[in-house]
Structure formats: C-alpha cells, structure tokens
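Colleague: what follows is a predicted structure for the sequence shown.
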Amino acid sequence: MALSPDVVGTVLPTTALRLERGRLRLFAKAIGLVEPVYVDVAAARAAGHPDLPAPPTFLAALQHEVPRSLGWLEDLGVDPARVLHGEQSFTYHQMAYAGQKLTMTGRISDYAVKKGGDMELLTRHFQVTDTNGAPIAELGDVVVVRHPQVSP
C-alpha cells in the first residue's frame, strides 16, 4: 500500500524511561564498548561522571520502549516485514546517565518516493529531554518501505 505525503507531521508514540545501569552495561557490551566508564560506576565517577553514561546510540533504543513499537507503521497501513532501516543521526546536547528519566517525542518530518514507487522513505525526528524538559539529544532516522514490483 502506497503512503501519502500527508504522513508528514504524524506524531509518534511518546516514550519515557528511567535509565538503568544493567541495561546500559548490556548495551555497552553488545556494541563492543570496553571502556570501564560504561560498565563500572567507580570508573565513571573517577572520570567525572555522576553515574554510568549512556553509550553512544543507546538513545535510539528508547523508541522501542512502547507497547507495539512498530504499531505506528501498522497504523499507517505499512507491513513491518517490508521495512528496512535506512540511516540514523544523533545530535547530543548533554550526556545521559543511569538513574535519569528521559522522555522521547517524535514525528515524521519528511516523505519521499524513490525508484518509481519501489521505495518510500519516511524520515523521523525525535527529541530526547530530561524531567525538567532540558534537551539531551535530537535523533533522526530514515525508514525505507519497500514495494517491489512483481514481474508478470
């Protein structure tokens, strides 16, 4: 099913999550971070951090912390099996740490059709803030919706 440019502006589910040390350690391990500041509280504090810092790219995982994390696609009539991750960007305003509660809000900010309709690109933009509303990061990504043409 083809989408429409009207999807631009669609608000995505809001996520709120308290960063837990165990999850940050597991993520650091999963991406191969070996620096002690990401897994050892004493090392993090010795380096000037108040607690374990969130590893790079961890904040992108926040969008999946809602029931039906792919529900926004289904609500648009998109079969998640036809979706690919296109690209991702991060702009950090400050570090995030274990113990902080963060909120992520997002929306679809752009739509494009490529390859004669074989692909649609949905660009999403997210804001991550702390409990006081201070900006932590801005994230962007491109979701590729594939519509391969079937040959007769």
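Modeller: Yep, that arrived.
Colleague: from here on, contacts and neighbour counts on C-alpha atoms
Modeller: Noted.
Colleague: pLDDT of stretch 21-40, averaged?
Modeller: For stretch 21-40, mean pLDDT rounds to 95.
Colleague: which of the residues in the helix ranked longest in the chain are buried?
Modeller: Longest helix in the chain by number of residues (criterion: DSSP state H): helix 21-30. Applying a neighbour-count criterion of 16 or more other Cα atoms under 10 Å, one finds 21, 24-25, 27-28 buried in helix 21-30.
Colleague: return the helix or strand in this protein with minimum mean pLDDT.
Modeller: Ranked by mean pLDDT, DSSP states H and E, the weakest helix or strand in the chain is helix 71-75, scoring a mean of 90.
Colleague: from A47, how far off is the most centrally placed residue in the chain?
Modeller: Centroid-nearest residue in the chain: A60, 2.7 Å away (criterion: Cα atoms, centre = their mean). According to Cα to Cα, to the nearest Å, A60 stands 25 Å off from A47.
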